[in-house]
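>>> The amino acid sequence is not available; the structure is as follows:
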């Protein structure tokens, strides 16, 4: 009887500790699913509870997208092995530091991405099937058409070689956050409205575009493969 009582107390203690961890973290990373979509690869991340806003960064050698979720514990660890030739090579999760769940998506190369919240987590769209460049090489030497008198000047489309490159946008508790590569340092960093990148300032962030305001006027960065007008159709 004494042993049975001791065993029952131990079981209750273990369950209590697990419940306390879940309560202190507030959320759990429960499942990750990868599938192909019309624009590229879609990664569905399922969370339980109120997970923190995703903090994202690209790393090299090998290319991999790191997604950190604050106040979240890791329940799901890894998916099945990827098929040979797949764009997504590996997906796994671990605890980056106490209370922070880290999802690692290893890919064939760095590509633009978009993260959007959902009712039970969020979705990561990796734009694998890229469309035309921001300014095609065959168009680079042509002069822009002259705007009618009195018309507002549209945001300029920068050349790919010397302009910042938009790698991704994330919508979270802080609103829209853009991940932009600085052409000088070649580093991808997170930016919000009002922050500076080089000589320009981030003026506006939408679901597929970012507008920078510099000494020569407005410059628009666009996720590759993002159809014209799509960003305006999404709520800010």
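Done, it's in. Keep in mind that what you see is a predicted model, and the values were worked out from it rather than measured. Numbering: from 1, shown residues only.
>>> Residue 190 versus the nearest residue to residue 188 once chain neighbours are set aside, what's the distance?
In space, and not counting its chain neighbours, residue 188 is closest to residue 181: 4.7 Å by Cβ to Cβ, 6 or more residues apart in numbering. Quick note: C-beta positions are derived from backbone N, CA and C, even for glycine. Distance, residue 181 to residue 190, using Cβ to Cβ, to the nearest Å: 12 Å.
>>> beta partners for the residue nearest to residue 188?
residue 165, residue 188 (DSSP bridges).
>>> So it is in contact with residue 163, correct?
No. Residue 181 is beyond contact range of residue 163, at 9.6 Å (criterion: Cβ atoms under 8 Å).
>>> before we move on, back to that, if I look at residue 181 and residue 190, which residues touch both of them?
Residues within reach of residue 181 and of residue 190 at once, by Cβ atoms under 8 Å, 6 or more residues apart in numbering: there are none.
>>> of those two, who's got more company?
Taking neighbours as other Cβ atoms under 10 Å, residue 181 and residue 190 compare with residue 181 leading, 19 against 15.
>>> For that one, give me its contacts.
Here residue 181 is in contact with 164-165, 167, 187-188 (Cβ under 8 Å, 6+ apart).
>>> Highest neighbour count among those?
residue 167 (24 neighbours).
>>> since we're on residue 200, how many residues are nearby?
22.
>>> residues touching it, list them.
164, 212-214, 219.
>>> again, only using 10 Å
158, 163-164, 180, 211-219, 221 (Cβ atoms under 10 Å, 6 or more residues apart in numbering).
>>> How about residue 110?
58-60, 63-65, 126, 165, 167-168, 181, 188.
>>> helix, strand or coil for it?
Secondary structure of residue 110, reduced to three states by DSSP: H, G, I helix; E, B strand; the rest coil: coil.
>>> All the helices of the chain, in order from the start?
Taking DSSP state H, the helices of the chain run over residues 2-25.
>>> pLDDT at the closest residue to residue 187 other than its chain neighbours, what is it?
Distance criterion Cβ to Cβ, 6+ apart; nearest residue to residue 187, sequence neighbours excluded, is residue 181 at 6.9 Å. Looking at residue 181, its pLDDT reads 85.
>>> So residue 181 versus residue 175, what's the distance?
21 Å.
>>> what's the answer for residue 56, then?
With Cβ to Cβ as the criterion, residue 56 and residue 175 are 15 Å apart.
>>> So for these two, which sits in the more crowded spot?
residue 56 (23 against 12).
>>> Report the beta-bridge partners for the nearest residue to the more buried one once chain neighbours are set aside.
Nearest residue to residue 56 in three dimensions, chain neighbours excluded: residue 67, at 5.3 Å (Cβ to Cβ, 6+ apart). In this entry, residue 67 is beta-bridged to residue 56, residue 103, by DSSP bridges.
>>> Could you chop the chain up by domain?
25-126, 155-233 (automatic domain parsing).
>>> Let me see the mean pLDDT of the first one.
When pLDDT is averaged over domain 25-126, the result is 91.
>>> per-residue confidence for residue 190?
85.
>>> ok, now residue 2?
60.
>>> next one: residue 6
pLDDT, read off for residue 6, is 49.
>>> returning to what we had before: ok, now which ones touch the residue nearest to residue 56?
Contacts of residue 67 (Cβ under 10 Å, 6+ apart): 29, 32, 43, 45, 54-57, 93, 101-105, 113, 115, 122, 124, 170.
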